[in-house]
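Enquirer: Next come a sequence and a model predicted from it.
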Amino acid sequence: MVRKAKNEHEFWVSNVCDKNVTVADLGLSIASRRHVNLLDSRHYHLTKEQLELSAKSGSLFQKRDKLKVRQVAPEVVIKPGFYVSTLPLHMAQAGLRSNVVIEDKVYEELDFSTESEEKFASDMANDDDDSK
């Protein structure tokens, strides 16, 4: 799976080490195990000449053991497995509805009306009077 860029200009840098790497002459830091397109105008304001000069003799050249320069986007590999969405919208679209039916049952032995409470209170009061 190769991502296509909307613009034709790409300058990808991949950090292959476990630590963040600072590119001093470009004024940026690249996080560990990340891939960045340095010609992406939404995030970086660098020119192609600046990047080529850094790749030939600047920080990108000095740190070539940690940073790899690419002209195309890196391929994103998705490991095989089962991926289940937790979003309810996706579950409903996939037809994964619950088989559990919730029923609202009424139990007569738990249904106490106000009359039965008053009767119970009067019975308890009578029992207390009888025990004295």
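Expert: Noted; the coordinates are in hand.
Enquirer: Provide a list of residue ranges in this protein with pLDDT below threshold.
Expert: 1-8, 85-98, 112-114, 128-132 (pLDDT under 70).
Enquirer: domain assignment for it?
Expert: Following automatic domain parsing, the chain resolves into domains at 12-70, 100-131.
Enquirer: I'd like the ones you listed as CSV, with distance to residue 77 appended.
Expert: (Glycine included, C-beta is placed from N, CA and C.) Output for the domains of the chain, formatted as CSV (distance: least, CB to CB, whole Å):
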stretch, distance to residue 77
domain 12-70, 12
domain 100-131, 38
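Enquirer: for these, which one ends up most surrounded?
Expert: Of all those, domain 12-70 carries the top mean neighbour count, a mean of 15, counting by mean count of other CB atoms under 10 Å.
Enquirer: First-to-last residue distance for it?
Expert: By CA to CA, to the nearest Å, the extent of domain 12-70 from end to end equals 5 Å.
Enquirer: that older thread, could you point out which of the domains of the chain sits nearest residue 84?
Expert: Set against residue 84 and scored by CB to CB, these come closest in domain 100-131, at 17.9 Å.
Enquirer: sorry, back to before: compare the domains of the chain and report which one is nearest to residue 83.
Expert: Residue 83 lies closest to domain 12-70 among those, at 20.8 Å (CB to CB).
Enquirer: And the helices in this protein?
Expert: Per DSSP state H, the chain carries helices over the ranges 48-57, 59-62, 88-93, 114-131.
Enquirer: Now render these as CSV, adding distance to residue 34.
Expert: Listed next are the helices of the chain as CSV, based on distance: least, CB to CB, whole Å:
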stretch, distance to residue 34
helix 48-57, 17
helix 59-62, 15
helix 88-93, 27
helix 114-131, 68
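Enquirer: so which of these comes closest to residue 19?
Expert: Smallest distance to residue 19 across the helices of the chain (CB to CB): 14.9 Å, for helix 59-62.
Enquirer: just how off-centre is the closest one within its chain?
Expert: Relative to its chain's centre, helix 59-62 lies at 33 Å (CA atoms, centre = their mean, to the nearest Å).
Enquirer: Show me what that helix is packed against.
Expert: The criterion is 3 or more CB pairs under 8 Å, 6 or more residues apart in numbering; DSSP states H and E, and the helices and strands that helix 59-62 contacts are strand 21-23, helix 48-57.
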